[in-house]
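> sequence plus the predicted model coming up.
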Amino acid sequence: MTQDKEAGYYENTYNDKNHFSFGKNWKGFLDSALDQERFEIARNSLIDFLGGKEKIKGKTFIDIGCGSGLFSLAAMSLGAREVVSVDVDDNSIECVHQLRKKLKEPGNWRVRQGSALDPVFIRSLGSFDIVYSWGVLHHTGAMYEAFDNVSELLAPAGVFYLAIYNRSRSFWIGTSNFWLKIKKSYNRSGPVGKNLIFICYCAYFVLDSFVALKNPIRRMRSFKRRGMSWYHNVIDWIGGYPYEFAGPDEIVNYFSPKGIYCTKILNGYGLACVEYLLEKK
């Protein structure tokens, strides 16, 4: 297990002066980068991983750590019977309300503010056919505690679409523990320090592009994974703290004794999030 005791819990720190807020970053993404093309990419990533539109239509869907609300919006557009968007960050809640207004605030799309580390709050939400939490629970400050709470949301035969940062031991891309130190430094720094860390990351990105014989500018402009923009994705990466990580074997072995079994794994390499489809049997 990887818990960093020094980090504390995200909900207790994200409003601190220097601490990174995912919600603020997501708000910047909504205001400056989200367009129809990115929405379609996000929507299709949900369809592809869950195995088709029919896996979502008519189902109940909860988005834990909803961020911008983009994937809650995608689930609504795919005919989910009920969507619940959950986040602890005030700015993320504001983002979701912004998207709901575009759909004239449908009654079957609810927004709740609360923490994945609060078992009473989590139990109050009910149970769901699809529990979605992409790149979130490793930032709570107590990842395994969050796993235990959020997995309780699964209805019988429900599926848990989970994405968690992989454990890396690579020298070239940096080990997970190396990036933990970078993220700590970023969150302790003022604007000047944050800009310097961002510039260093950009320099590394350009060098990596040249080594791979790729045009760095083209890589930046073409980056649209899951509908994200390159800039907001980088800020999310270097700022995201608390930060925990686990290899696929660790995740699979943690859930299987609970009767929750992994049926699909995607992207099990490097530092990137590994995606898991877990089913409650």
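Yes, it's here.
> alpha carbons only for contacts and neighbour counts from here, please
OK.
> what's downstream of whichever strand or helix holds residue 86, the next helix or strand?
Element membership of residue 86, judged by DSSP states H and E, is strand 82-87. Following strand 82-87 in sequence order, the next helix or strand is helix 90-102 (DSSP H and E).
> contacts for that next one?
By Cα atoms under 8 Å, 6 or more residues apart in numbering, the list of residues contacting helix 90-102 from outside reads 22-24, 26-27, 30, 66-70, 73, 85-87, 105-106, 109, 111-113.
> what residue ranges in this structure score low on pLDDT?
Residues of the chain meeting the criterion pLDDT under 70: 1-5, 268.
> any idea where the helices of the chain begin and end?
Applying DSSP state H to the chain gives helices spanning 10-13, 22-32, 36-50, 70-77, 90-102, 119-124, 143-151, 176-188, 191-211, 216-222, 230-239, 248-255.
> next, the buried residues of the third one.
Of the residues in helix 36-50, 38, 39, 41, 42, 43, 44, 45, 46, 47, 49, 50 count as buried by neighbour count, 16 or more other Cα atoms under 10 Å.
> and these, which is closest to residue 153?
Nearest to residue 153, judged by Cα to Cα, of the buried residues of helix 36-50 is residue 50 at 17.5 Å.
> quick revisit: packing partners of the strand holding residue 86?
strand 60-64, helix 70-77, helix 90-102, strand 109-113 (3 or more Cα pairs under 8 Å, 6 or more residues apart in numbering; DSSP states H and E).
> and residue 215, what does it touch?
residue 209 are the contacts of residue 215 under Cα under 8 Å, 6+ apart.
> quick check on it: phi, psi?
As for residue 215, its main-chain torsions (degrees, to the nearest 10) stand at phi -80, psi 120.
> and the gap between it and residue 208?
10 Å (Cα to Cα, to the nearest Å).
> next one: residue 218
As judged by Cα to Cα, residue 218 and residue 208 stand 13 Å apart.
> what about these two, which has more around it?
Counted by other Cα atoms under 10 Å, residue 218 and residue 208 do not tie: residue 208 has more neighbours, with 15 against 10.
> count the residues that sit near residue 249.
8.
> measure it to residue 163 for me?
Plainly put, residue 249 is 14 Å away from residue 163 if you go by Cα to Cα.
> please apply the same query to residue 69.
16 Å.
> looking at these two, which is more packed in?
residue 69 (26 against 22).
> can you report how many residues neighbour the closest residue in space to the more buried one that isn't next to it in sequence?
Distances taken as Cα to Cα, 6 or more residues apart in numbering put residue 96 closest to residue 69, at 4.7 Å, once the chain neighbours are dropped. Residues within reach of residue 96, counting by other Cα under 10 Å, total 25.
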